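In: sequence and computational prediction follow.
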Amino acid sequence: MKEPSQKLSHVDQDGKAKMVDVSAKNVTQRTATAQSVIKFPEEVFQSLSSDQFLGPKGSILQTAIIAGTMAAKRTSDLIPLCHPLPLSKIQIDIFPEENHLKIESRVKCEGKTGVEMEALTAASVAALTVYDMCKALSHDIIISETKLMAKEGGKNAFNR
């Protein structure tokens, strides 16, 4: 929970949206890890799993990884007040578990601001891509638990 004395960083004293001024910050190595979970009806998951997550459109998992990677690179185009960042690494892993897939994205850069939004965007878009490729099998697929898992390299480290 945030301390009451802390303020929203993207809102000025008049309540207007603003991009944070990072010009005085030092360049440091920044990393962030995020995850998203996709829950399937049991029979759909079993069918996908038995086919190694290959569908008529190709590899569901590899397509999701590519989509998540592309999305991380475009985060500042999607989230209005995000700074464009020169990302040095994007890694997305997808782990099949019991009736769900867990997507984990790790993003790294050297910059003046963190890469939490890039990691969250990567995990979210990868999950949306899985949904898109599987929705013909069921509309009862649920994307959930999209959350920041860890970040380091800035003023405040975080580890869930």
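Out: Everything's here; your move.
In: the helix or strand of the chain with the lowest mean pLDDT: how far from the chain's middle?
Out: Counting by mean pLDDT, DSSP states H and E, the chain has its least confident helix or strand at strand 54-55, which shows a mean of 88. Chain-centre distance of strand 54-55: 23 Å, with C-alpha atoms, centre = their mean, to the nearest Å.
In: partner strands of whichever helix or strand comes after it, parallel or antiparallel?
Out: Scanning forward in sequence from strand 54-55 by DSSP states H and E, the next helix or strand is strand 58-59. Neighbouring strands of strand 58-59 in its sheet, by DSSP bridges, are strand 54-55 (antiparallel).
In: contacts for the partner strand?
Out: Strand 54-55 is contacted from outside by Leu48, Ile60, Met133, Cys134, using C-beta atoms under 8 Å, 6 or more residues apart in numbering. Backbone N, C-alpha and C define where each C-beta goes, glycine included.
In: hmm, try it at 7 Å
Out: Ile60, Met133 (C-beta atoms under 7 Å, 6 or more residues apart in numbering).
In: check stretch 32-52 too.
Out: Contacts of stretch 32-52 (C-beta under 7 Å, 6+ apart): 96, 99-107, 114-116, 118-120, 122-124, 126-127, 130-131, 134, 137-138, 140-151.
In: go again with 8 Å.
Out: With C-beta under 8 Å, 6+ apart as the criterion, stretch 32-52 contacts 55, 60, 96, 99-107, 114-116, 118-120, 122-124, 126-127, 130-131, 134, 137-138, 140-151.
In: what does stretch 135-143 give?
Out: Residues outside stretch 135-143 that contact it (C-beta under 8 Å, 6+ apart): 36-41, 44, 47-48, 124, 127-128, 130-131, 134.
In: end to end, how far does stretch 73-86 reach?
Out: Using C-alpha to C-alpha, to the nearest Å, one end of stretch 73-86 lies 8 Å from the other.
In: that stretch: how far from the chain's middle?
Out: Relative to its parent chain, stretch 73-86 has a centroid offset of 13 Å by C-alpha atoms, centre = their mean.
In: go on, stretch 114-122?
Out: 5 Å.
In: just stretch 55-70 next, same as before
Out: On the basis of C-alpha atoms, centre = their mean, stretch 55-70 sits 15 Å off its chain's mean C-alpha point.
In: go on, stretch 125-139?
Out: Mean-position distance between stretch 125-139 and its chain equals 16 Å (C-alpha atoms, centre = their mean).
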